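# just coords:
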């Protein structure tokens with residue numbers, strides 16, 4: 001149980017850093033693009049930073065090409081959740097486009113943690129381990 005609490009705490013720290021990366025990119029891009037396009041583009045650097053920080057700090061696992069390639073697919077949970085919450089908060093609740101992504105991100109955290117842990121800590125079977133599983 002202590003190990004899980006440690007992971008959750010580290011995930012929270014990484015999440016805060018990642019949110020700053022995403023939000024900074026979002027605000028920068030929002031100056032020139034519609035808010036949903038800025039959101040989509042800001043996710044790219046956020047996913048990359050999140051991958052490496054979660055590998056090294058949260059789950060203490062070595063980055064690999066296989067995990068790196070799978071990581072964006074698992075972030076579909078986060079991406080979809082944040083996107084839906086962002087749209088609902090802006091369009092239905094009239095929340096400011098500059099602050100809505102922050103609340104949307106918080107609302108998507110529980111599902112994202114579960115999927116991230118699964119992808120980064122699950123060990124592939126021996127027969128598949130050699131294919132595309134090289135270390136960074």
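That came through fine. Bear in mind the structure is a predicted one, so any value in this text is a computation, not a measurement.
# residues near residue 113, how many?
19 (other CB atoms under 10 Å). Every C-beta, even on glycine, is put in place using the N, C-alpha and C of the backbone.
# likewise residue 46?
Taking other CB under 10 Å as the criterion, the count of residues near residue 46 is 24.
# Please name the nearest non-neighbouring residue to it.
Using CB to CB, 6 or more residues apart in numbering and skipping residues adjacent in sequence, the residue nearest residue 46 is residue 22, 3.7 Å away.
# cool, residue 85 as well?
Take residue 85 and drop its neighbours on the chain: the residue closest to it by CB to CB, 6+ apart is residue 104, 3.6 Å away.
# and that neighbour, what pLDDT?
At residue 104 the predicted local distance difference test score is 94.
# That one and residue 89 touch, don't they?
Yes. With contact defined as CB atoms under 8 Å, residue 104 reaches residue 89; the gap is 5.9 Å.
# And residue 101, how far from residue 66?
Distance check for residue 101 against residue 66: by CB to CB, to the nearest Å, it reads 30 Å.
# Likewise for residue 104?
The spacing between residue 104 and residue 66, counted by CB to CB, is 29 Å.
# repeat for residue 83
26 Å.
# now swap in residue 75 and tell me
In this structure, residue 75 and residue 66 are separated by 15 Å, where distance is defined by CB to CB.
# Between those two, which has more neighbouring residues?
When neighbours are counted by other CB under 10 Å, residue 75 comes out ahead of the other of residue 75 and residue 66, with 21 against 17.
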